[in-house]
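[1] Can you look at this prediction? I've put the sequence above it.
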Amino acid sequence: MSFFSLVHSDSESQARAGIITTDHGIIETPIFMPVGTVGSVKAIEQRELSEIGAQIILGNTYHLYLRPGEDVLSYFGGHHRFMSWNKPILTDSGGYQVFSLKELRKITEEGVQFRSHIDGSKHFFSPEKVIDIQRCIGSDIMMVLDECTEFPVSHKEAKTSMDLTLRWASRNKNAFDNSTPRYNHNQFLFGIGQGSTYKDLRRECMESLIDMNFDGYAIGGLAVGEPAFNMYDIIQHSTGIMPADKPRYLMGVGTPENILTAIEMGIDMFDCVMPTRNARNGTIFTTRGRMNIKNLKNKFNDECIDPGLDLYASQNYSLGYLRHLFTVGELLGLQLATMQNLGFYLWLVRTAREKILSNTYRQWKHSILDIIK
């Protein structure tokens, strides 16, 4: 069976339903990937992730390289065994994290020299090194090392950065092709398109990546401060270039509206810290809309957290009880809110898939957005 199979395309939009096949299980797209940066998705355990429908989670090469480190991951036989997660894992290369360090890193043709945000120790990431680290992690889907620009940025600066990303992508691909998995399961490599909000650069970058024949393609460098219309414009432009027979991944985006709009434009895969971060701050996403659980109006609210989600936490605890947990600082509040938010995001993409298969996606998208925006 091929790595990616396109099952159905919506008759009224570019939305698509597909299947990604890995040695750790299949992934039904469109899919949302909970972010487990340092080896856990914050405030929720792996058993609960499976119960709410997570099919794949995301880890981060930069953070896992620093802690627990390659020696620990090697000793345990890879990240799946280390964290007791037997489903697929995707790892970001760490490029965005290094990009965000700014004062602690230096970018050269060879790679990125940076200081750890933990103890200030010096480290170096080359395209070859990040492939080696991800082989050690054992992720099912690996990402290339790329450079992400700020917004706004001049065309000249975006072009220089994009050219470096392409040269690194070629080295990533060579390192991947000339190495083998360490834990007896297949690994796949995605290229990342850059070019800021410049369509000519986005086209040049994506077409060059396609020529390198990656297993899938991502759109990077968005949700970094650009207006929403710019982001959607680049997504629409990019999906018009990306191959139909390979997965399309929009990195680090975003709100439920962002996700549903990007699905309509042909995106298959998403990740974002928004559902987990908002949960810890007391903002919950529900099938009847977004709410701040800390509001006084919830003090005597005996409605369940979300009657529209068929999850134990959503159905068996009241909004009043959840507010109480946040008021007194109980950790259970963070856990229940996280389960609700991730459960909602996973319900959203799962329902989107159902609507794509029945050719009713666009109509459903507009109706659900009227409720949850």
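    Now that the structure is in, tell me what you want to look at.

[2] now residue 14, what's its secondary structure?
    Following DSSP: H, G, I helix; E, B strand; the rest coil, we place residue 14 in the coil state.

[3] my guess is it meets residue 266, correct?
    Yes - counting by Cβ atoms under 8 Å, residue 14 touches residue 266, with 3.8 Å between them. Bear in mind the C-beta positions are built from the backbone N, C-alpha and C, glycine included.

[4] Of those two, which one has the most company?
    residue 266 (22 against 17; other Cβ atoms under 10 Å).

[5] Any regions of the stretch 1-150 of the chain where pLDDT drops low?
    Across the stretch 1-150 of the chain, the ranges flagged by pLDDT under 70 are 1.

[6] on that earlier part again, anything in contact with each of residue 14 and residue 266?
    Listed as contacting both residue 14 and residue 266 by Cβ atoms under 8 Å, 6 or more residues apart in numbering are residue 239.

[7] can I get the CA coordinates of the helix or strand hosting residue 65 in PDB?
    Secondary structure from DSSP states H and E places residue 65 in helix 61-66. Extracted as PDB, the C-alpha positions of helix 61-66 are listed here (Å, rounded to 0.1, in the frame of the first residue of the first chain):
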ATOM      1  CA  THR A  61      13.600  17.700  17.200                       C
ATOM      2  CA  TYR A  62      15.200  20.700  18.900                       C
ATOM      3  CA  HIS A  63      13.600  20.000  22.300                       C
ATOM      4  CA  LEU A  64      14.000  16.200  22.200                       C
ATOM      5  CA  TYR A  65      17.600  16.600  21.200                       C
ATOM      6  CA  LEU A  66      18.300  18.800  24.300                       C
END
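
[8] by contact count, what packs against that helix?
    Under the contact criterion of 3 or more Cβ pairs under 8 Å, 6 or more residues apart in numbering; DSSP states H and E, helix 61-66 touches strand 89-92, helix 95-101, strand 122-125, helix 127-137.

[9] same thing but 7 Å
    helix 95-101, helix 127-137 (3 or more Cβ pairs under 7 Å, 6 or more residues apart in numbering; DSSP states H and E).

[10] what's the next secondary structure element after it?
    helix 70-75.

[11] buried ones in that following helix?
    Neighbour counts over helix 70-75 (16 or more other Cβ atoms under 10 Å) mark residue 73 as buried.

[12] centre of the chain versus it, how much separation?
    Relative to its chain's centre, helix 70-75 lies at 24 Å (Cα atoms, centre = their mean, to the nearest Å).

[13] ok, residues contacting that helix?
    Applying Cβ atoms under 7 Å, 6 or more residues apart in numbering, the contact partners of helix 70-75 are 64, 79, 82, 133, 136-137.

[14] Recalculate using a threshold of 10 Å.
    Here helix 70-75 makes contact (Cβ atoms under 10 Å, 6 or more residues apart in numbering) with 39, 64-65, 68-69, 79, 81-83, 132-133, 135-138, 182-183.

[15] Any of those buried? List them.
    Of the contacts of helix 70-75, these count as buried by 16+ other Cβ under 10 Å: 39, 64-65, 68, 79, 82-83, 132-133, 135-138, 182-183.

[16] ok, those vs residue 311, which is closest?
    residue 83 (22.2 Å; Cβ to Cβ).

[17] Check the gap between the closest residue to that closest one other than its chain neighbours and residue 248 for me.
    Excluding the flanking residues, the one nearest residue 83 by Cβ to Cβ, 6 or more residues apart in numbering is residue 39, at 5.2 Å. Using Cβ to Cβ, to the nearest Å, residue 39 is found at 27 Å from residue 248.

[18] Also residue 86?
    26 Å.

[19] tell me the mean pLDDT for the longest helix belonging to the chain?
    Identified as the longest helix of the chain according to DSSP state H is helix 331-357. Helix 331-357 shows a mean pLDDT of 98.

[20] How far does that helix sit from its chain's centre?
    From the chain centre to the centre of helix 331-357 is a distance of 14 Å (Cα atoms, centre = their mean).

[21] And for stretch 117-137?
    That offset, for stretch 117-137, works out to 20 Å (Cα atoms, centre = their mean).
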